[in-house]
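Would you be able to build a 3D model of this:
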Amino acid sequence: MTRTHPRVGPLVARTAAAPLDVDALLDDPGTGIIVCCGSGGVGKTTTSAALALRAAERGRKVVVLTIDPARRLAQSMGIEALDNTPRPVAGLVGAADHGGSLDAMMLDMKRTFDEVVEAQASPEKARQILENPFYVALSSSFAGTQEYMAMEKLGQLQRDAQAAGTYDLIVVDTPPSRSALDFLDAPERLSSFLDGRFVRLLLAPARGPARIMTAGLGLVTGALSKILGGQFITDLQTFVAALDTVFGGFRARAQQTYALLQAPGTAFLVVAAPEADALREAAYFVERLAEDRMPLAGLVVNRASPPPQGELSADEAMAAATRLRRDGASATAPLTAGLLRLHADRQRMVEREAALRERFAAAHPSVATAVVPALAGDVHDLAGLRVVGELLADQPS
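Residues are numbered from 1 along each chain as shown. From the prediction side, this is the model:
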């Protein structure tokens, strides 16, 4: 069946997968967290914002958390700037009538790390950590810190929402990492760093009277001091010893958040573009989520090519263009032939994309799919997000 949307024209879905019922997902009170993941540049941020807006306008109390450095979410929601504090979004349609609301926020990686330290340590110990140059570097740029803090902020939001009843739905836009599932591995990577042999060696004097370890430490630190300077080693030892006293809390909270991601109230949406590489990445995400027992709601294919108007097939259009070019019967023949070739190219692109989706569906038949056609321009306001939400929900049955 073909549907027409006033902004984008007809939408045809040929995938064998079942359609994703977005409204049922958003309306289900049992859905407490929606995590949008996928490779970079596939529209995760727009999808997250559109889902959050649609859910709020249908009566949910929503907060959307983005980790997108482009800050497009703030612009599209009419907010001058987003930060680590949820900000209310104005201009919702009908949300108040249904009891809905929408807040938006952007992860401040360092501020979130600071909050964890402050919550886990005494004021004096927290000050030691926060002022240490190694902590400043770790909290700002260490590989995996952004993903770890995304999980930490999700856990904070969920705990606060349960305690105060502020939100009944959290929508998360995952970090723009090479692998969009890096945030699942981040706690283990950070643990591995702090449990590494060199870090354990630095902690040895604080953990007991082992003379051999202390002697070994003296040899190591003496050599490093000559290369890096004594203050460098002192700062590193102070940082590691201080952080070690609070890291157990880090681990416990990460484990709680990981369990939260596996809970029935969480739904993962894998977002992809209608391209071979993006759908291969999507297949990896689907398989990885299954391995980690994460609840998958479905696949969103963004920016699909809308099929051209008319009933001509690509071969028929090319044949007609060839005849016109050969015969040259009128002055408009070259223009008409060019338009027919454009029609043929567009039709073939639509067919290629449909074939890619069908291949994905054949390999993953249980994954429900929503196909969102490309819009004529960028999404930069609530009206555009509303259109994306309508397209996400308007899937052929």
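
Distance check, the residue lying closest to residue 57 once chain neighbours are set aside against residue 292.
Spatial nearest neighbour of residue 57, excluding adjacent residues (CB to CB, 6 or more residues apart in numbering): residue 95 at 4.9 Å. In short, each C-beta sits where N, CA and C put it, glycine included. Using CB to CB, to the nearest Å, we find residue 95 at a distance of 34 Å from residue 292.

The two: who's more crowded?
The residue with more neighbours, out of residue 95 and residue 292, is residue 95; 21 against 14, by other CB atoms under 10 Å.

what mean pLDDT does the strand ranked longest in the chain have?
Scanning the chain for the strand with the most residues, using DSSP state E, yields strand 296-304. Averaged over strand 296-304, pLDDT sits at 96.

Likewise for stretch 134-151?
73.

Can you give me the buried ones in it?
134-135, 138-139, 142, 144-151 (16 or more other CB atoms under 10 Å).

low-confidence ranges in the stretch 201-350 of the chain?
In the predicted model of the stretch 201-350 of the chain, residues 201-251, 314, 317, 321, 328-331 satisfy pLDDT under 70.

Now do the strands in the protein.
Going by DSSP E, the chain shows strands at 3-5, 9-11, 33-37, 61-66, 87-88, 101-106, 169-173, 266-272, 296-304, 369-373.

Report all helices and strands that the longest strand of the chain contacts.
helix 44-57, strand 266-272, helix 276-291, helix 333-363, strand 369-373 (3 or more CB pairs under 8 Å, 6 or more residues apart in numbering; DSSP states H and E).

Just give me the residue closest to the centre of the chain.
Computing the C-alpha centroid of the chain and ranking residues by CA atoms, centre = their mean puts residue 174 first, at 2.4 Å.

how close does residue 289 sit to residue 295?
8 Å.

Please say which of these two ends up with more neighbours.
Using other CB under 10 Å, the more surrounded residue of residue 289 and residue 295 is residue 289, with 20 against 17.

Tell me the spatial nearest neighbour of that one, not counting adjacent residues.
Residue 289's closest residue in space is residue 296 (CB to CB, 6+ apart), at 5.1 Å.

Next up, the contacts around that neighbour.
267-268, 270, 286, 289-290, 367 (CB atoms under 8 Å, 6 or more residues apart in numbering).

Likewise for residue 108?
83-84.

Start the count at 635 instead of 1 going forward.
Okay, residue one is now 635; in that scheme the one you just asked about reads as residue 742.

how far away is it from residue 749?
Using CB to CB, we find residue 742 at a distance of 9 Å from residue 749.

What strands flank the longest strand of the chain, and is each parallel or antiparallel?
When pairing is defined by DSSP bridges, strand 930-938 lines up against strand 900-906 (parallel), strand 1003-1007 (parallel).

pull the CA atoms of the longest one into CSV?
Just to be clear, that refers to strand 900-906. Output of strand 900-906 as CSV, limited to C-alpha atoms (Å, rounded to 0.1, in the frame of the first residue of the first chain):
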residue,chain,number,x,y,z
THR,A,900,14.0,-0.4,28.5
ALA,A,901,13.6,-0.4,24.7
PHE,A,902,16.5,-0.1,22.3
LEU,A,903,16.0,1.3,18.8
VAL,A,904,18.8,0.8,16.3
VAL,A,905,19.0,3.7,13.8
ALA,A,906,20.5,3.3,10.4
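
Please find the angle between the direction vectors of it and helix 678-691.
140 degrees (axes from the mean of the first three to the mean of the last three CA atoms, to 10 degrees).
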